[in-house]
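Asks: turn this into a model:
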Amino acid sequence: MSSSPSWYTEEVGYSGSAIGFRVKKKLHEEQSRFQKIEIYETTDWGNLMVLDGCIMLTSRDNFLYHEMMSHPALFTHSNPKRVVIIGGGDCGTLREVLRHREVEQAVQVEIDERVTRVAEQYFPELCEANGDARAQLLFDDGIAYMKNAAPESIDVIIVDSTDPVGPAEGLFNEAFYQTCFKALRQGGILVQQSEPPLTQLPLIKSMRQLMRQVGFAAVRTLPFPQPAYPTGWWSCTMARKGADLSGFRERGAHSKSFATQYYSADIHKAALVLPEFMREALGE
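Replies: Numbers count the residues shown, from 1 in each chain. Take a look at the predicted model:
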């Protein structure tokens, strides 16, 4: 990790690459109970959030991630009334979830309250749904929350976490997936950020195998662009309880009542078609 007066650069050892943003100034820095939080003002990408030296989001491109973490799962589910977000402290995924009128409750379980409070200050556009009557913000351990969740009480679980190290490490194992499977109703969907396909295919393959082992009937990985993340390309992986993932409410996606910048019915269909190297590696 290196930083200079004019650039913030994240060096990514596992991919042998780096990504950087030209910055005007540092806006905020603090050490929370869990991690170091930094905010920079960039010259071209709006504000930049960094957690423990890892770039989390920019104002300019976060819509790609937040839309793909939420809308494919919600339009695949027939009637997603109760949604739980594990992580997601910047609240962008929560905002996208609550664009769906059929959602009656969205619970966000973020371990570090300071991430949310800093996002409210420097990314207010992402937090505009925090006061929605359907939103419940909990600052707690997401692993413990899922372990204690009532059986068959949730329609969609979105795991919007950091990389699988530190506090997020326990979100990528069989025990956690078992608690999610138990908490989901029939037809329920788990969606989890699953890192860059170009460099983390073994992790994606492991996640998919563990999801199937605990009982999920279908698993699909959806790649999408994400300039602020390592390699510029990211993915999420969906798993469904007792149903497949080949179809979605395409008519509803075409006629959605809210605006998006990336997601559409056609993007949804395209994301379900994997590049050949991924098809081969993941056995699809």
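Asks: which elements pack onto the longest strand seen in the chain?
Replies: Counting residues, the longest strand found in the chain (DSSP state E) is strand 17-31. Counting contacts by 3 or more Cβ pairs under 8 Å, 6 or more residues apart in numbering; DSSP states H and E, strand 17-31 packs against strand 7-12, strand 36-42, strand 47-51, strand 54-58, helix 113-122. In short, each C-beta sits where N, CA and C put it, glycine included.
Asks: note down every partner strand of that strand and its orientation.
Replies: strand 7-12 (antiparallel), strand 36-42 (antiparallel) (DSSP bridges).
Asks: can you pull the pLDDT of the residue nearest to residue 7 when sequence neighbours are not counted?
Replies: Nearest-residue entry for residue 7: residue 20, 4.9 Å, with adjacent residues in sequence omitted and distances by Cβ to Cβ, 6 or more residues apart in numbering. Note on residue 20: pLDDT of 95.
Asks: check whether residue 20 really touches residue 11, as I assumed.
Replies: No: look at residue 20 against residue 11 with Cβ atoms under 8 Å: they stay out of range, at 9.1 Å.
Asks: which residues in the stretch 51-200 of the chain form helices?
Replies: In the stretch 51-200 of the chain, the segments counted as helices under DSSP state H, counting those that start in this stretch are 62-76, 92-97, 113-122, 142-148, 174-183.
Asks: ok, which of these comes nearest residue 39?
Replies: Residue 39 sits nearest to helix 113-122 of all the helices of the stretch 51-200 of the chain, at 4.8 Å, using Cβ to Cβ.
Asks: the closest one to strand 47-51, inter-axis angle?
Replies: 170 degrees (axes from the mean of the first three to the mean of the last three Cα atoms, to 10 degrees).
Asks: could I get helix 113-122 in PDB with only the CA atoms?
Replies: Taking C-alpha atoms only, helix 113-122 is exported to PDB below (Å, rounded to 0.1, in the frame of the first residue of the first chain):
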ATOM      1  CA  GLU A 113     -21.300   1.600  13.000                       C
ATOM      2  CA  ARG A 114     -18.600   4.100  12.200                       C
ATOM      3  CA  VAL A 115     -18.600   3.000   8.500                       C
ATOM      4  CA  THR A 116     -22.300   4.000   8.300                       C
ATOM      5  CA  ARG A 117     -21.900   7.200  10.200                       C
ATOM      6  CA  VAL A 118     -19.000   8.200   7.900                       C
ATOM      7  CA  ALA A 119     -20.900   7.200   4.800                       C
ATOM      8  CA  GLU A 120     -23.800   9.400   6.000                       C
ATOM      9  CA  GLN A 121     -21.400  12.400   6.000                       C
ATOM     10  CA  TYR A 122     -19.400  11.700   2.800                       C
END
